[in-house]
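Novice: Sequence first, predicted model second:
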Amino acid sequence: MTASSRIPLSRIRNFSIVAHIDHGKSTLADRLIQMTGGLADREMSEQLLDSMDIERERGITIKAQTVRLHYKAEDGETYILNLIDTPGHVDFAYEVSRSLSACEGSLLVVDASQGVEAQTLANVYQAIDNDHEIVTVLNKVDLPAADPDRVKEQIEEVIGLDASDAVEISAKTGQGIPDVLEAIVHRLPPPREGDADAPLKALLVDSWYDAYLGVIVLVRVIDGVLKKGQTIRMMGTDAKYLIDRVGVITPKMANVEGLGPGEIGFITASIKEVADTRVGDTITEDKRQTAAALPGFKPAQPVVFCGLFPVDAADFEDLRSAMGKLRLNDASFSFEMETSAALGFGFRCGFLGLLHLEIIQERLEREFDLDLIATAPSVVYELVMTDGSKRELHNPADMPDVVKIAEIHEPWIRATILTPDEYLGPILKLCQDRRGIQVELTYVGTRAMLTYDLPLNEVVFDFYDRLKSISKGYASFDYQITELRPGDLVKMQILVNGEPVDALSMMVHRAAAEKRGREMCEKLKDLIPRHMFKIPIQAAIGGTIIARETISALRKDVTAKCYGGDATRKRKLLEKQKAGKKRMRQFGKVDIPQEAFIAALKMKED
Amino acid sequence: MGGATLSYLDPGFGIYVHWPFCAAKCPYCDFNSHVRHNPVDQPRYVAAFQREIQQMRAKTGPRSVTSIFFGGGTPSLMEPQTVDEILSAIGRAWDVDVDAEITLEANPSSVEADRFRGYRAAGVNRVSLGVQALNDDDLKFLGRLHSVADALSAIELARAIFPRLSFDLIYARPGQSVGAWEKELDQAIGHAADHLSLYQLTIEQGTPFYGLYKSGRLKVPDGDHCADLYDATQALTAASGLPAYEVSNHAVPGAESRHNLTYWRYGDYVGLGAGAHGRLSHSGGKTGTVNRRLPEHWLEQVESLGHGMESEERLDTEAQADELMLMGLRLREGFDLSRWRDLSGRSVDPDKESFLVSHGLLERLGNSRLRCTPAGMLVLDAVVADLAA
């Protein structure tokens, strides 16, 4: 029958690697591929599984990747090891959970010099929630700063895992890699028994767009067999497709006859857009459908929005087409056209989180060579209207008349912060300043673990940058969205010479409005050049001014000498000034250079 | 000035003659001036000027010259005979008004009584002295070769020989207080010239001062202090009967520089010599001419081609409208709105005008002229940028 049917489940292991950024997840994956002969040395490029430049550079994984390894173990048997490399970041938490649900075990990789970080925690708890067996791997034991015993103790105390049999390795030198492979085979369980003869039931783990093959879908088979020529049905989207290719990634793509229960592989089926496939969906056979879909399917919802505008208005169409291309491969990124008096034509975009926002912006700028202005990120608010209806607010500019609003609800998160205790004081203050509510504070040796409930809108406003700078980069941070809570939120407007500047409006908590307004006014005071008249800059809530700065009038701007020989030069300068005015936006007779918007919208406090 | 007659506003037709040599280069100066260690062959330059004059005459056709201006460089380094031969050539080419204003710029350091009499005999009737400061330390700082005593004796001599006298001062010097400047200016006014050019020190790119300024070794007064100095200057000169008729120029009414008024009233002028610019009207348009900048290049080109031009640009009406406004608003008398409208094909934006008027920067002079207020004059470049856009 099929190739897969010849492999007993007892010789398959499906696993993923859980780690904090920089703790060596991708290097370990590369070593495993190399040592099992997946690729010859000359075919190895550093950190093979992170295929995008941006993933390699930032040391993060954005899309789940998979690789099938053939490992001849010390017991003489050959095992198939399916590694699913997952995005490690909270923004992609849903993808992480789907990837984890496709496996039975995880390697928890912890840097033996750094110890447990916030992200490690969130991901390892997800693995535990998915009933994973967990093999603890201490990486970088070759570093002088490595302290495996201390880190083991920390793992036991913070995570509650037995770390006595942790495998000590150096992914960089290759030390300990055979022990990891043996631990995978002997300590992780094989896939649960599935029924090859039952109707097809497979999990859609991930999908991505390939310029030659179209959309490639990564699947984990539960029951039945996936074969070329089958007509499948996606149970969440109810779409039908004819499978034209079934294969595994080794990491080269190799066709196989079929994929049976417990196996992980890919299919292609003339699917045009990634948006047509939903991570977590159940795939079944059209003519013989499974009775029950897999639990837990939910499409990813954008939680952070911002406007993206081209610096040069002429790039608008290029931006539209670039966004379309990115969306081909990233269904969780959404955009719709937006116009701003300040910034012209652009798009209101939705993201899974701040990192997702940053990545999309960076890819647009880098891969499509676009210069962009991003407005302040905003979360999604729920407005409860006086007539009882509810609506979502994605953009402060769309805020309805306040008299029609009964209540505003904002998303809250539960944040986990791990930090050396010397930074604890300022971090506690930061969380308090951001309306945080402390849930827990525990110490592990000289490290503190903090759990805080925080409003997401306080976090999208430079929280992470502040945290990094307070802790000199040592604190790590992770969060998950928990619930909506009512909040005393107001729309703050910035007025330049009496006219509101739409791109600078923001939703803020009433208690923080004055400070935020004052900061913005001060910033604009430095950014807007002096004019021939004095310019008031005000922050306002409704009709109430809460902060004000004044740019004093320009007192002297005149060329001392201008005679017959100077007319040409002065005219050319004037022509340049006239052209420059076209790149400025006018508010209340004030010319605001675009650079001023860009700088004002940079949320970092210097 | 409300009663100004039409003839007063006639831009006239001027001839500019550039003498591009100096004994030393001043550290603030970005003019087209050069120091040559070998003596300049003046007869050879005279011959080149004569050829260039003939060539320019062919372009302008017959016209009445209302002013001639020898600028530099240091024109007082010219032999009186050189000046005389150039003036004669101009007189042969065009019809020079009997009361034409003929100005020569002179440095107090190069003044000799004989020379001044020679210039006067050649026809020069107005001299403009580069005094720059009445304070020996500042003269040294400005790189000038003369002392206050030299300047004062040059003023005396010039006043005795020429019917009209102007001199230049540079202010807003590093560390200069309003009080110190007022004292110095008051002293200058006491020397009874009928015309004063009072320039704020400007740091120009490519000068030694620019390098010092960029590296932080030269501190100049900030904009607010410059504005205070400017205001003090306006008050003092007006009270002494030498009101400003242009941003940096002051005169006893009637003693304004006719030649410079031609530039600011956007009239025609011929540019002769290295780096000189010209504006020449002809049926249906205006041309800007620019001469070769380096003296030797200009000289050789005139000798071989008969003209010293590096470029000749036809100015479209929008460019002319821009130049009319940016030159005209420098004048206390402003510029003629209908002339601007005829060139640009549109009226001055009434919203912008009334906005600038409401902020006390612009005002109408009668119905047909627009001018800067004294406050507007101080931010003229910004006013023009706003109004012309």
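Specialist: Alright, I've got the coordinates.
Novice: contacting residues around residue 210?
Specialist: Going with chain A. Neighbouring residues of A:Asp210 by Cβ atoms under 8 Å, 6 or more residues apart in numbering or on different chains: A:Ile216. Placement of C-beta: from N, CA and C, glycine included.
Novice: actually it's chain B I care about, not the one you picked
Specialist: Contacts for B:Tyr210 (Cβ under 8 Å, 6+ apart) come out as B:Ile203, B:Glu204.
Novice: Read off the pLDDT value for it.
Specialist: Looking at B:Tyr210, its pLDDT reads 95.
Novice: Tell me the secondary structure at it.
Specialist: Three-state call for B:Tyr210 (DSSP: H, G, I helix; E, B strand; the rest coil): helix.
Novice: Can you give me the end-to-end span of stretch B:191-211?
Specialist: End-to-end distance for stretch B:191-211: 35 Å, by Cα to Cα, to the nearest Å.
Novice: Same question for that stretch: list its buried residues.
Specialist: Residues of stretch B:191-211 classed as buried by neighbour count (16 or more other Cβ atoms under 10 Å in any protein chain shown): B:191, B:193-202, B:207, B:209-210.
Novice: How about chain A: which residue is closest to chain B?
Specialist: A:Arg555 (3.8 Å; Cβ to the nearest Cβ).
Novice: Count the residues that sit near the residue lying closest to B:Gln81 once chain neighbours are set aside.
Specialist: In this structure, B:Gln81 finds its nearest non-sequential neighbour in B:Gly118, 7.5 Å apart by Cβ to Cβ, 6 or more residues apart in numbering or on different chains. For B:Gly118, the count of nearby residues is 19 (other Cβ atoms under 10 Å in any protein chain shown).
Novice: So which residues on chain A come close to chain B?
Specialist: Residues of chain A lying close to chain B by Cβ under 8 Å from any Cβ of the partner chain are A:531-533, A:554-565, A:567-568, A:570-571, A:574-575, A:577-578, A:581, A:589.
Novice: Name the single longest helix found in the chain.
Specialist: Going with chain A. Across chain A, the longest stretch assigned as helix under DSSP state H is helix A:510-527.
Novice: wrong chain, I was asking about chain B
Specialist: Counting residues, the longest helix found in chain B (DSSP H) is helix B:42-60.
Novice: Just the C-alpha atoms of that helix, please, in CSV.
Specialist: Provided in CSV are the C-alpha atoms of helix B:42-60 (Å, rounded to 0.1, in the frame of the first residue of the first chain):
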residue,chain,number,x,y,z
GLN,B,42,44.8,96.3,-17.2
PRO,B,43,45.1,97.4,-20.9
ARG,B,44,44.3,93.8,-21.9
TYR,B,45,41.2,93.8,-19.7
VAL,B,46,40.1,97.2,-21.1
ALA,B,47,40.3,95.8,-24.6
ALA,B,48,38.2,92.8,-23.5
PHE,B,49,35.6,95.1,-21.9
GLN,B,50,35.5,97.1,-25.1
ARG,B,51,34.7,94.0,-27.1
GLU,B,52,32.1,92.8,-24.6
ILE,B,53,30.4,96.2,-24.6
GLN,B,54,30.1,96.1,-28.4
GLN,B,55,28.6,92.6,-28.2
MET,B,56,26.1,93.6,-25.5
ARG,B,57,25.2,96.7,-27.4
ALA,B,58,24.2,94.4,-30.3
LYS,B,59,21.9,92.5,-27.9
THR,B,60,20.2,95.5,-26.3
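Novice: What's the first helix or strand after that helix?
Specialist: Proceeding N to C from helix B:42-60, the next assigned helix or strand is strand B:64-72, under DSSP states H and E.
Novice: And the next helix or strand after that next one, what does it pack against?
Specialist: The helix or strand immediately downstream of strand B:64-72 is helix B:80-93, counting by DSSP H and E. If contacts are counted by 3 or more Cβ pairs under 8 Å, 6 or more residues apart in numbering or on different chains; DSSP states H and E, helix B:80-93 sits against helix B:42-60, strand B:64-72, strand B:95-106, helix B:113-122.
Novice: if we can go back for a sec, now the two most distant members of the buried residues of stretch B:191-211.
Specialist: Spatial extent of these (Cβ to Cβ) is set by the pair B:Asp194 and B:Tyr210 at 34.0 Å.
Novice: bridging residues for A:Ser207?
Specialist: In this entry, A:Ser207 is beta-bridged to A:Val217, by DSSP bridges.
Novice: Now for it: which residues touch it?
Specialist: A:Ser207 makes contacts with A:Val215, A:Ile216, A:Val217, A:Leu218, A:Ile271, A:Val274, A:Thr277, A:Val279, as judged by Cβ under 8 Å, 6+ apart.
Novice: can you redo those as JSON lines with neighbour count and pLDDT?
Specialist: Output for the contacts of A:Ser207, formatted as JSON lines (neighbours: other Cβ atoms under 10 Å in any protein chain shown; pLDDT from 0 to 100):
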{"residue": "A:Val215", "neighbour count": "22", "pLDDT": "88"}
{"residue": "A:Ile216", "neighbour count": "22", "pLDDT": "90"}
{"residue": "A:Val217", "neighbour count": "27", "pLDDT": "92"}
{"residue": "A:Leu218", "neighbour count": "25", "pLDDT": "91"}
{"residue": "A:Ile271", "neighbour count": "20", "pLDDT": "88"}
{"residue": "A:Val274", "neighbour count": "23", "pLDDT": "80"}
{"residue": "A:Thr277", "neighbour count": "24", "pLDDT": "85"}
{"residue": "A:Val279", "neighbour count": "26", "pLDDT": "83"}
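Novice: From those residues, pick the one nearest B:Gly285.
Specialist: Distance to B:Gly285 across the contacts of A:Ser207 (Cβ to Cβ) is lowest for A:Val274, with 62.0 Å.
Novice: returning to what we had before: gap between the longest helix of chain A and the chain center?
Specialist: Chain-centre distance of helix A:510-527: 29 Å, with Cα atoms, centre = their mean, to the nearest Å.
Novice: what packs against it?
Specialist: Using 3+ Cβ pairs under 8 Å, 6+ apart: helix A:510-527 touches strand A:489-496, strand A:535-541, strand A:544-551, helix A:594-601.
Novice: what comes up buried for the last one?
Specialist: I take that to be helix A:594-601. For helix A:594-601, by 16+ other Cβ under 10 Å, it's A:Gln594, A:Ala596, A:Phe597, A:Ile598, A:Ala600, A:Leu601.
Novice: Let me have those in TSV, extended by distance to A:Met492 and pLDDT.
Specialist: Below are the buried residues of helix A:594-601 laid out as TSV (distance: Cβ to Cβ, whole Å; pLDDT from 0 to 100):
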residue	distance to A:Met492	pLDDT
A:Gln594	22	76
A:Ala596	18	82
A:Phe597	17	80
A:Ile598	20	77
A:Ala600	13	80
A:Leu601	14	77
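Novice: can you list those in JSON lines and add distance to A:Glu422?
Specialist: Below are these laid out as JSON lines (distance: Cβ to Cβ, whole Å):
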{"residue": "A:Gln594", "distance to A:Glu422": "42"}
{"residue": "A:Ala596", "distance to A:Glu422": "38"}
{"residue": "A:Phe597", "distance to A:Glu422": "38"}
{"residue": "A:Ile598", "distance to A:Glu422": "36"}
{"residue": "A:Ala600", "distance to A:Glu422": "34"}
{"residue": "A:Leu601", "distance to A:Glu422": "33"}
